[in-house]
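Trainee: can't give you the sequence, but here's the structure:
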């Protein structure tokens, strides 16, 4: 139910015209424990304060990249020298136009004919070397910065609390790590290179133009600022459409992820056409948004060309008068004109890239927002000595938004004890066990192990001591050994021992390469019982102090069920075990059974005691725990 409502909540979160109170009242009426505060906390974090002065977006973009760029100072210096080499050579080529025109074509000076071609070859060589070195160095910086940002982004997301992942679809997060980062890569590794190189070329051309004729340079350059306002206007539109495009790109990625992860359901319901129709609508909207962005972005070139035409007209008019009056030679004018006209080529490139930079700015804002989010579940500094002997829940309450999932739960469990949790769906069983690895923290009360509150313990160390076998078994497209030792170093002997204790060695040994056999994605080449025994082997491999076992509800044959129960017995010998039970046979194995309703423990005892003294338990048992 909760998973089915995620798209509704995301829609509510992203629809600006709907009020926050309306969303809260709807979620409350639905009565589903959705972590509303986390959604709204994130939403609020994206809204800039109306009173805070904001720097220009591109400046902010590079200022946020500053910490990543400092280590590349030597490469920046080399790239700058190479850019100066490039700019100096293109400026010198513009200067050579005068001696070519006046010395060779008009004065017929043979000495210039011998000297100038070699100078041109040398200048083009310097220009080529400078361009190559500068482009490669800045590209390396850009690619490495993007690699580090991507690593940091995923690392940061993995530190965020479990509730955070209920606020985002998996495809949306994937899009931020891949698509948004790719847009930043284009800005840093490609656009930055062009901006630096072309800016220095502009300086060189302006210098030549002023050197040849300050008056004509004024007339030729005075119109350039006229392009600033329209370029700025269209750049803002590019950023707006870039934001929309990136959001829609996230939707498409999420849609594809849902399709491929639910292919069995799609095939069974013959809903291929339905899914294709939804995807086509998203894809059509994506194209529409992108075309609006392209129209805004591509206005930069025509604007610069149109503005440049006024400069050309003014220069030809006033330059022609100077030549007619004998105040300027044809070679000087040609040299000036080449420098001036060449200015508009890099200007046009920069103006176009400036618009494209806003796509990267929009993407970076989504990334910085994610990186600025602070984890709400933080670990302490204490490390437990020796195995965990007991865990205690003291008057524990847990809220998801306004919905109370646990109401004053008090419980103590000791090493070697198996505690079975039964009850109707929504009774609080999963919420209770999720507090142990601190997927959530209590809203009130506390959870302790050996007298130390969980909040005070080192979080990675705590989780290393916990083994979890969920109802949904996660199998990776890797070897059996990698799946069993997931997250830890592979000890082949321990892998085999764990598989044998879990009753999984029989089917694993029959695979082509034993523990080196690569499993299909999601374990498609294994049966349900085999996947669950593999998950039990994974928990055994960790040698946990606390085991959380969510028994599968899917029908298993008697042989598979017996093997899993035997494996469960092997797991519980030396640890504290919590079982969310769905079968009477499992409940009968437990030392203690807790009956949970509406977030409270309403009955407690052995299976036999509860059959006598608890009406709630008898109702559950009569239906073979159908709602457990």
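Mentor: Received it, and whenever you're ready, just let me know what you need. Fair warning: this is a prediction, and the values are worked out from it, not measured in the lab.

Trainee: now the residue lying closest to residue 423 once chain neighbours are set aside: how far from residue 581?
Mentor: Nearest residue to residue 423, sequence neighbours excluded (CB to CB, 6 or more residues apart in numbering): residue 596, at 3.7 Å. Glycine gets a C-beta too; all of them are placed from N, C-alpha and C. Using CB to CB, to the nearest Å, residue 596 is found at 11 Å from residue 581.

Trainee: overlap in contacts, the two.
Mentor: Counting by CB atoms under 8 Å, 6 or more residues apart in numbering, the shared contacts of residue 596 and residue 581 are 421-422.

Trainee: the more surrounded of the two?
Mentor: Legend: neighbour count by other CB atoms under 10 Å for residue 596 and residue 581, higher for residue 581 (28 against 25).

Trainee: in three-state terms, label the residue nearest to residue 423 for me.
Mentor: Three-state assignment for residue 596 (DSSP: H, G, I helix; E, B strand; the rest coil): strand.

Trainee: how much space between it and residue 587?
Mentor: Distance, residue 596 to residue 587, by CB to CB: 13 Å.

Trainee: likewise residue 528?
Mentor: As judged by CB to CB, residue 528 and residue 587 stand 21 Å apart.

Trainee: tell me which of the two has more neighbours.
Mentor: A count of neighbours by other CB under 10 Å puts residue 587 above the other of residue 528 and residue 587, at 24 against 15.

Trainee: ok, the more buried one to residue 600 distance?
Mentor: Distance, residue 587 to residue 600, using CB to CB: 19 Å.

Trainee: same question, residue 307
Mentor: For residue 307 relative to residue 600 (CB to CB), the value is 74 Å.

Trainee: where's stretch 510-517 relative to the chain centroid, distance-wise?
Mentor: A distance of 35 Å separates the centroid of the chain from that of stretch 510-517, by CA atoms, centre = their mean, to the nearest Å.

Trainee: what mean pLDDT does the host helix or strand of residue 239 have?
Mentor: According to DSSP states H and E, residue 239 maps onto helix 228-261. In this model, helix 228-261 carries a mean pLDDT of 77.

Trainee: could I get the buried residue list for stretch 235-252?
Mentor: Using 16 or more other CB atoms under 10 Å as the test for burial, stretch 235-252 gives 235, 237-252.

Trainee: sec struct for residue 593, please.
Mentor: When classified by three-state DSSP, residue 593 comes out as strand.

Trainee: just use 5 as the starting number from now, easier for me
Mentor: Will do, 5 is the new start, and the previous item becomes residue 597.

Trainee: near it, how many other residues are there?
Mentor: Applying other CB under 10 Å, we find 27 residues neighbouring residue 597.

Trainee: try residue 218
Mentor: For residue 218, the neighbour count with other CB under 10 Å is 9.

Trainee: could I get the pLDDT score of it?
Mentor: For residue 218, the pLDDT comes out at 86.

Trainee: so how far is residue 325 from it?
Mentor: Separation of residue 218 from residue 325 (CB to CB) stands at 16 Å.

Trainee: am I right that residue 602 is in contact with residue 433?
Mentor: No: contact criterion CB atoms under 8 Å: residue 602 and residue 433 do not qualify, at 11.7 Å.

Trainee: more crowded one of the two?
Mentor: Between residue 602 and residue 433, counted using other CB under 10 Å, residue 433 has the larger neighbour count: 23 against 14.

Trainee: so what's the more buried one closest to, chain neighbours aside?
Mentor: What sits nearest to residue 433 in space, not counting adjacent residues and going by CB to CB, 6+ apart, is residue 425, at 4.3 Å.
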